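[1] My questions concern the predicted model and sequence given below.
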Amino acid sequence: MIQLRAMTAQEYPDYCDYFIDDYSREIAENSGCSILKAIELAKTIYYLVSQTGSSVIGYLWHSIKQSEKPTFIYDFFIFPKHRNNGYGTLALEALETQMKSAGIKQIKLRVAYYNQRALKLYQEVGFTITGFNMLKKIDS
């Protein structure tokens, strides 16, 4: 069993040190938005904690789009020492339960083509592929 607990103000700097700088650059590169906008997208950040609440096992960063009513997962990470224990599945199920009670009808995300582990997990819990991101580099 997994529990989602809102990140506290005291925990937020640790998250920033670990993820936001690097991941915001990735969001900006993939979406074409500015770094400031990418950082702004982090409206709801959760630590994934064990059922007992004693162990932080990862992060889940998502944002509800008020105009459309889906939530978008910007980042989802299980620390390596906690992988292969079903925590990814449990965390996504916990998010889905939370979103249902908030009236949210969709969970969206983007997964890199080379991240087969994540792709497999998302498909196992019911996500479907809805498109492809494409890029063409222009030589100068």
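    Structure's in. What do you need? Computed from a prediction, not measured in an experiment: that's the story for all the values here.
[2] For this protein, which residues score under the pLDDT cut-off?
    16-33, 37-45, 51-53, 65-68 (pLDDT under 70).
[3] continuing past the longest helix belonging to the chain, what's the next helix or strand?
    Assignment by DSSP state H gives helix 87-101 as the longest helix of the chain. Where DSSP states H and E defines the elements, the next helix or strand beyond helix 87-101 is strand 106-109.
[4] List the buried residues in the helix or strand just after that following strand.
    On the C-terminal side of strand 106-109, the nearest following helix or strand under DSSP H and E is helix 116-124. By 16 or more other C-beta atoms under 10 Å, the buried positions in helix 116-124 come out as 118, 121, 122. In this view, the C-beta of every residue, glycine as well, is placed from N, C-alpha and C.
[5] Residue 124 contacts residue 89, doesn't it?
    Yes. In terms of C-beta atoms under 8 Å, residue 124 counts as a neighbour of residue 89; the distance is 6.9 Å.
[6] who does the residue nearest the centre of the chain bridge with?
    In the chain, the centroid-proximal residue (C-alpha atoms, centre = their mean) is residue 75; its distance is 2.8 Å. When bridges are taken as DSSP bridges, the partners of residue 75 come out as residue 61.
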